[in-house]
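Undergrad: Build the 3D model from these lines:
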Amino acid sequence: MKEDIEINKNIDQFKQLCYKLTHKHNQVKLGGGEKKIAAQHSKGKMTARERIDYLKDDEADFLEIGAFAGEGMYKEYGSCPSGGVVAGLTKVEGRMVMIVANDATVKAGAWFPITAKKNLRAQEISMENNIPIIYLVDSAGVFLPMQDEIFPDKEHFGRIFRNNAIMSSKGILQIAAIMGSCVAGGAYLPIMSDEALIVEGTGSVFLAGSYLVKSAIGEDIDNETLGGAATHSEISGVTDYKCADDKSCLDKIRSLVSKVGKAPKAGFNRIDAIEPINPPEDIFKKFPLDRAKPYDMLEIINCLVDKYSFDAYKELYGQSLVCGYARIDGWAIGIIANQRKIVKSKKGEMQMGGVIYSDSADKAARFIMNCNQKKIPLVFLQDVSGFMVGSRAEHGGIIKDGAKMVNAMSNSVVPKFTILLGNSYGAGNYAMCGKAYDPRLIYAWPTAQMAVMSGSSAAKTLLQIKVASLKAKGQQLSKEEENSLLEEIQEKYNEQLSPYYAASRLWVDGIINPTETRKVISTGIEMANFGNYDQTFNVGNIQT
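TA: Next comes the predicted model:
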């Protein structure tokens, strides 16, 4: 009876987190708000999301990238929903594509630092997977108050144009539609694409607008004559197609994509999909929200993979990591997941859940090599506290075995996908293919936390440093002052642990309801199947 109450409580709390996620996502979908949307419509323009919905195939899903980008980051300038740009994966004429659409309802589509970072992430996904990218351009250009954070560096605005050139040289199709303003440096993006369309009456592209032209060279000219659809389609030849309105422009893009030849596929194994043994909704009762409570990761895996498809690798060895082959939506995958239940090792010692031990790291390294040999994509399910510490672990070579796992994972050439379920702390984040290790996609559940260490551990450590510093100066805190400072430190640290904090900075591609995990992974592998596959796995200095 008590157990049933605990399960029901867990389900209710989990559903509340998912409701919050849906509510926040609905908010960002409004962009700059209903008044700004109405203003867009009054000009005869569709919004960024309306353009994407019209362009994609009727039955196609849209896997959004960076929906929460920029959340809470630019409070001094107001909000910047989704970083002022909507991006994601979908199908157009049956072909997987990346779409990037400026949201003109957010600061007239101006580019913030996070906007550039999000565009670069979209281009990275396109390049890694050899899929076309479609830009729906409607932007006022760089947000000038923050130009120093967006203009000069390697990962800033200019990198986008460099990527345009590299992608074209590699044969990755880029189509750009100028559907609104396209000013200054931003003018290069559509024109460096392979084909450019422009919408009559609303689309314009120029290096300097009429006001700047007047002040720079004294010429008096209006924007339409300077760089409108007629000018660039009939006089300059800058654009390739002139379209009457948004819908005809999007129809033309569909027509262009429909004629593109088929690309060779990587050849990842897929059969007919079978539903999991347990429905994905069972995750709400099997995944405890209490982080101190152990659970069996295999029960979570059985809610995600196709029925009876999981084959455990070295099941009785290195049990703090679960490794095995399986299928998701018919696709063959290799899973590496943190085991959260407390297990007894072969040596008779009890191993804590969520911690990576030497034998587990060794097992994972070998499994990664096997998946590379067999051309099987890897899926990492993170709920990790880090690597084991202490004298026994150090004497047993935890650093060597941890390095072996990181080396194998870094050199892996099969596509990698990462889902953050719960904890993602310290070097555990790295070894389990965190963002720094180039997962093709990385998503978090609303239960995820990412940091060097947990909030309580970090707060206690920082408090000890503060107290020691004060003692060195001959000062001492009372117990009440220590508790107050501990609470203050922990509150600030916990804010940074939030998955929304990570999503706003694009440390993850997004936050998903756990029931969407299968769809995300399946979409990712289908996307990766278009990429050229290099079968040469560089073992490097992995010590076996």
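Undergrad: these two touch, right, T225 and E234?
TA: No: if you go by Cβ atoms under 8 Å, T225 and E234 don't touch, sitting 11.8 Å apart. C-beta here means a position set from N, CA and C on the backbone, and glycine is covered the same way.
Undergrad: so where is the stretch 101-250 of the chain shaky, pLDDT-wise?
TA: Applying pLDDT under 70 to the stretch 101-250 of the chain flags residues 185.
Undergrad: That one: helices as residue ranges?
TA: For the stretch 101-250 of the chain, the helices defined by DSSP state H, counting those that start in this stretch cover 113-129, 158-169, 188-191, 210-217, 223-227, 229-230, 246-258.
Undergrad: Using CSV, lay out these together with distance to A39 and mean neighbour count.
TA: Below are these laid out as CSV (distance: least, Cβ to Cβ, whole Å; neighbours: other Cβ atoms under 10 Å):
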stretch, distance to A39, mean neighbour count
helix 113-129, 20, 22
helix 158-169, 27, 16
helix 188-191, 23, 21
helix 210-217, 21, 12
helix 223-227, 18, 17
helix 229-230, 21, 18
helix 246-258, 15, 18
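Undergrad: Out of the ones you listed, which is closest to I99?
TA: I99 lies closest to helix 113-129 among the helices of the stretch 101-250 of the chain, at 8.4 Å (Cβ to Cβ).
Undergrad: How far does that closest one sit from its chain's centre?
TA: With Cα atoms, centre = their mean, to the nearest Å as the basis, helix 113-129 stands 10 Å off its chain's centre.
Undergrad: what helices or strands is it leaning on?
TA: Counting contacts by 3 or more Cβ pairs under 8 Å, 6 or more residues apart in numbering; DSSP states H and E, helix 113-129 is packed against strand 63-65, strand 85-92, strand 95-102, strand 133-139, helix 158-169, helix 517-528.
Undergrad: Name the strands paired with the shortest one and say parallel or antiparallel.
TA: Sheet neighbours of strand 63-65, with direction, are listed as strand 85-92 (antiparallel) (DSSP bridges).
Undergrad: List the buried residues for the partner strand?
TA: For strand 85-92, burial by neighbour count (16 or more other Cβ atoms under 10 Å) applies to V85, V86, A87, G88, L89, T90, K91, V92.
Undergrad: My read is that the fifth one contacts M96, right?
TA: Translated: L89. Yes: using Cβ under 8 Å, L89 is in contact with M96, at 6.5 Å.
Undergrad: burial count for K404?
TA: The local packing of K404 (other Cβ atoms under 10 Å) involves 23 other residues.
Undergrad: which residues do L89 and M96 both contact?
TA: Taking Cβ atoms under 8 Å, 6 or more residues apart in numbering as the contact rule, L89 and M96 both touch I131, M527.
Undergrad: which regions of this structure sit below the pLDDT cut-off?
TA: Applying pLDDT under 70 to the chain flags residues 1, 185, 344-351, 453-455, 532-544.
Undergrad: One more pass at 50, please.
TA: Low-confidence segments of the chain, defined by pLDDT under 50: 544.
Undergrad: most residues in a single helix of it, which one?
TA: Criterion DSSP state H: the longest helix present in the chain is helix 2-29.
Undergrad: Keeping just the C-alphas, turn the next helix or strand after that helix into CSV.
TA: Beyond helix 2-29 on the C-terminal side, the first helix or strand identified by DSSP states H and E is helix 34-42. C-alpha atoms of helix 34-42 as CSV (Å, rounded to 0.1, in the frame of the first residue of the first chain):
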residue,chain,number,x,y,z
GLU,A,34,0.3,38.0,-30.1
LYS,A,35,0.5,41.7,-31.0
LYS,A,36,3.8,41.1,-32.9
ILE,A,37,2.2,38.1,-34.7
ALA,A,38,-0.8,40.3,-35.7
ALA,A,39,1.6,42.9,-37.0
GLN,A,40,3.4,40.3,-39.1
HIS,A,41,0.1,39.1,-40.6
SER,A,42,-1.0,42.7,-41.3
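Undergrad: next structured bit after helix 34-42?
TA: helix 48-55.
Undergrad: Give me the packing partners of that next one, helices and strands only.
TA: Judged by 3+ Cβ pairs under 8 Å, 6+ apart, the packing partners of helix 48-55 are strand 85-92, strand 95-102, strand 133-139, helix 246-258.
Undergrad: Would you mind saying which of these lies nearest C323?
TA: Per Cβ to Cβ, nearest to C323 of the helices and strands packed on helix 48-55: strand 85-92, 27.7 Å.
Undergrad: The closest one to helix 113-129, inter-axis angle?
TA: 20 degrees (axes from the mean of the first three to the mean of the last three Cα atoms, to 10 degrees).
Undergrad: Now do strand 85-92: distance to the chain's middle.
TA: 13 Å.
Undergrad: tell me the secondary structure for T461?
TA: Of the three states, T461 takes helix under DSSP: H, G, I helix; E, B strand; the rest coil.
Undergrad: Kindly report the same for G402.
TA: G402 ends up helix, using three-state DSSP.
Undergrad: give me the number of residues near it?
TA: Counted with other Cβ under 10 Å, residues neighbouring G402 total 26.
Undergrad: How about the contacts made by it?
TA: I356, S358, A361, F387, A427, A431.
Undergrad: And it, how far from A365?
TA: 10 Å (Cβ to Cβ, to the nearest Å).
Undergrad: before we move on, the earlier item: for the helices of the stretch 101-250 of the chain, which one sits closest to N494?
TA: Per Cβ to Cβ, nearest to N494 of the helices of the stretch 101-250 of the chain: helix 113-129, 22.4 Å.
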